[in-house]
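J.: When you get a sec, could you give me coordinates for this:
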Amino acid sequence: MTLEGLAGTTMTKGMLSLIENNKARPSIESLTYIAEQLEVDVSVLLGAIPPYHFSEVLEEVELLFNIEFDQKTDEYKKIISIVEPLLDKLNQGYESARLLEIVSRCLYHEGMDGWQDTSDKAALLYDQMNLGARRAEIGLFRAMMKFSEHDYKKALEILLRERTEIESKYAYIDPMTRVDLDFHEAILHFAVGDSDSATHIMESAMEYSKEHRIFFRIDDLYRVAAGHALMFKNDEKRVYYLQKLRQYGEFADDMNSLIFCDLLNIEYLVMNQCYTAALEEIDSHLKDPSLTQFYEQFFFLEKGKALFGLQQYKNVLHLLDKINVPSFVHHPFDLSIFYVADSYKARCHMELGNFDKALALAELAIKNISPMPDTPYRDFSFETYELIKEKMSEGKI
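T.: Below you'll find the predicted structure:
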């Protein structure tokens, strides 16, 4: 095949000549095109890449890997096809370790074997280079993998084991890595119902952040702290942490933090039966076209609860029937917020006289929320179930 024939209409003959003579480095897209033209697998070309070209491969892989999760299509498969032919050569250096780390995550997300061994190899290389922050990222991924499977106890066990191993190997843990480990440990303690340990670690992380003048994860810490204070009716801490989060949001121009503050204030209004005021706040946010789907779902939930308080039962059902648990929601606090929607729907059907439907929804809520730690949402679900059974018994339905 001539260079002109190989180039086709996609590449130039001059560029192919430079690549052929090792005077230019092709992108992954160019290599894929050349492989298609030559009717060979791209691995044939990738297998010939010398180690000093791994930086270019890593650059391509990072671009694919860092695409937003909700915008990903087949990026994980592309990354696997790019890196797999190089696995035997990834034995030293940062580029090798990072490629191994990324492909191990892709293998996990695609449900493929070998991700653990690949992850272990990446961790070993990071240890050899004394890169504690990157090694900690691997430990966090291993723990949060179980978290996303809703095996919270196992997730906490893995994190504590990984943290112990990292701290025994590294004399110095940089402040941002320590705060990251603290944050994830705190949310996992919350997930298994150990609020005392979670609160202690969370508040310790905040003090450490102030002491070292770092803001990494501080918004996440304030969010968790404010949400926990709201759930368990600690008004002093709720006001304090919401004020801190709002100050951060205004300083950093972080709309997510500001929206979260408004959302928690709305939930506070609903909890205190200020339904009309809550609805006014909710509707003003729902009119904002920039509101993300993630937060939109939570605003719909609060609107349904407010309408329930105003006894607009049919409107509640119409609204809450549209809500589904987002696939990326995994923490039991967030899941409980969504699961309790079935209890509100159950109460609406009870008020409308649809007792069979009410009982079925109440039982569904109990089934979903029973494994979750104690929260007001869990209590409400059990109260709803007992109330409906009592009403049915009274009416002998």
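J.: what sits against Tyr248?
T.: Contact partners of Tyr248, counting by CB atoms under 8 Å, 6 or more residues apart in numbering, are Phe215, Ile218, Asp219, Tyr222, Asp254, Ser257. Glycine gets a C-beta too; all of them are placed from N, C-alpha and C.
J.: same thing with Leu16?
T.: Leu3, Leu6, Ala7, Ile34.
J.: The stretch 51-200 of the chain: helices as residue ranges?
T.: 54-65, 75-83, 93-109, 115-128, 132-148, 152-169, 175-191, 195-212 (DSSP state H, counting those that start in this stretch).
J.: mind checking which of the ones you listed is nearest Ser284?
T.: helix 175-191 (30.1 Å; CB to CB).
J.: which helices and strands does that closest one pack with?
T.: helix 132-148, helix 152-169, helix 195-212, helix 218-231, helix 332-351 (3 or more CB pairs under 8 Å, 6 or more residues apart in numbering; DSSP states H and E).
J.: Put together CSV for those helices, with mean neighbour count on each row.
T.: Shown next, in CSV, are those (neighbours: other CB atoms under 10 Å):
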stretch, mean neighbour count
helix 132-148, 20
helix 152-169, 17
helix 195-212, 16
helix 218-231, 21
helix 332-351, 22
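J.: if we can go back for a sec, can you say which of the helices of the stretch 51-200 of the chain is nearest to Val329?
T.: helix 132-148 (10.1 Å).
J.: I'd like the mean pLDDT over that closest one, please.
T.: Regarding helix 132-148, the rounded mean pLDDT is 96.
J.: Send over it as CSV, restricted to the C-alpha atoms.
T.: Taking Å, rounded to 0.1, in the frame of the first residue of the first chain, the C-alpha atoms of helix 132-148 are listed here in CSV:
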residue,chain,number,x,y,z
GLY,A,132,1.3,8.7,48.8
ALA,A,133,-1.5,10.8,47.3
ARG,A,134,-1.9,8.6,44.3
ARG,A,135,-1.6,5.4,46.4
ALA,A,136,-4.4,6.8,48.6
GLU,A,137,-6.6,7.3,45.6
ILE,A,138,-6.4,3.6,44.9
GLY,A,139,-7.3,2.8,48.5
LEU,A,140,-10.3,5.1,48.2
PHE,A,141,-11.4,3.6,45.0
ARG,A,142,-11.3,0.1,46.4
ALA,A,143,-13.5,1.2,49.4
MET,A,144,-15.9,3.3,47.4
MET,A,145,-16.4,0.5,44.9
LYS,A,146,-18.1,-1.4,47.7
PHE,A,147,-19.9,1.7,48.8
SER,A,148,-21.5,2.0,45.3
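J.: Please enumerate residues in contact with it?
T.: By CB under 8 Å, 6+ apart, helix 132-148 touches 97-98, 101, 105, 108, 119, 122-123, 126-127, 152, 154-156, 158-159, 162-163, 165-166, 169-170, 172-174, 176-177, 180-181, 184, 188, 191, 330-331.
J.: Let's see that with 6 Å instead.
T.: Helix 132-148 has contacts (CB atoms under 6 Å, 6 or more residues apart in numbering) with 119, 123, 126, 154-155, 158-159, 162, 166, 170, 173-174, 177, 184, 330.
J.: Specify which member of the residues you listed is nearest to Leu58.
T.: Tyr126 (14.5 Å).
J.: what sits against that closest one?
T.: Tyr126 touches Ala97, Arg134, Arg135, counting by CB under 6 Å, 6+ apart.
J.: which residue packs closest to it, ignoring adjacent ones?
T.: Distances taken as CB to CB, 6 or more residues apart in numbering place Arg135 nearest to Tyr126, at 4.2 Å, with adjacent residues excluded.
J.: Nearest the middle, which residue of the protein would you pick?
T.: Centroid-nearest residue in the chain: Phe328, 5.7 Å away (criterion: CA atoms, centre = their mean).
J.: mind checking pLDDT for that residue?
T.: 86.
J.: Likewise for the one 5 residues further on?
T.: According to the per-residue confidence, Phe333 scores 95 in pLDDT.
J.: Same question for Thr32.
T.: 81.
J.: Please report how far it lies from Ala123.
T.: Applying CB to CB, to the nearest Å, the value for Thr32 to Ala123 is 30 Å.
J.: where in the stretch 201-350 of the chain is pLDDT low?
T.: By pLDDT under 70, the stretch 201-350 of the chain contains no weakly predicted segment.
J.: Right, I'll call it a day here.
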